[in-house]
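Peer 1: okay, sequence plus prediction incoming.
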Amino acid sequence: MSKPEVVIALYRPKDGKTKELETLVQKHFPILKEYGLTTGKEPFIGRSTDGTILEIFEWANQEAAKKAHDHPAVAKIWEAMAVVCDFGTLSQVPESANRFPHFPKAF
């Protein structure tokens with residue numbers, strides 16, 4: 001079994017969809033945890049100055065990250081998220097230019 005892996009997921013809300021996205025992000029980790037896909041350590045959920053939400057958590061291992069793509073409950077929430085946000089990259093947030101980027105908690 002491989003070691004836990006940290007992931008930084010970035011969700012860029014579509015116009016007028018911030019509240020819907022926040023609701024989905026709050027449901028995301030509990031679903032992953034319920035199905036044993038994470039280490040169980042609580043995620044950090046922060047917000048960039050441009051409104052992007054960052055969710056930083058640990059997959060239980062590399063296999064768990066792959067299994068998530070085949071799990072119906074996870075697919076359902078990811079599909080709902082895709083309607084209200086774009087999945088971003090670290091290079092897209094303004095803070096990525098900083099040596100030690102800071103992000104306040106989102107909620």
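Peer 2: Looks like it arrived, so ask away.
Peer 1: and H69, how many residues sit next to it?
Peer 2: Here the number of neighbours of H69 (other C-beta atoms under 10 Å) works out to 9. Glycine gets a C-beta too; all of them are placed from N, C-alpha and C.
Peer 1: what's the closest non-adjacent residue to it?
Peer 2: Computed as C-beta to C-beta, 6 or more residues apart in numbering, the closest residue to H69 that is not its neighbour in sequence is A75, at 7.5 Å.
Peer 1: shouldn't that neighbour be within a strand?
Peer 2: No. Secondary structure of A75 (DSSP: H, G, I helix; E, B strand; the rest coil): helix, not part of a strand.
Peer 1: low pLDDT regions in this structure?
Peer 2: Within the chain, the ranges that satisfy pLDDT under 70 run 1.
Peer 1: need the strands for it, in chain order.
Peer 2: With DSSP state E as the criterion, the chain has strands at 5-13, 44-47, 53-59, 85-87.
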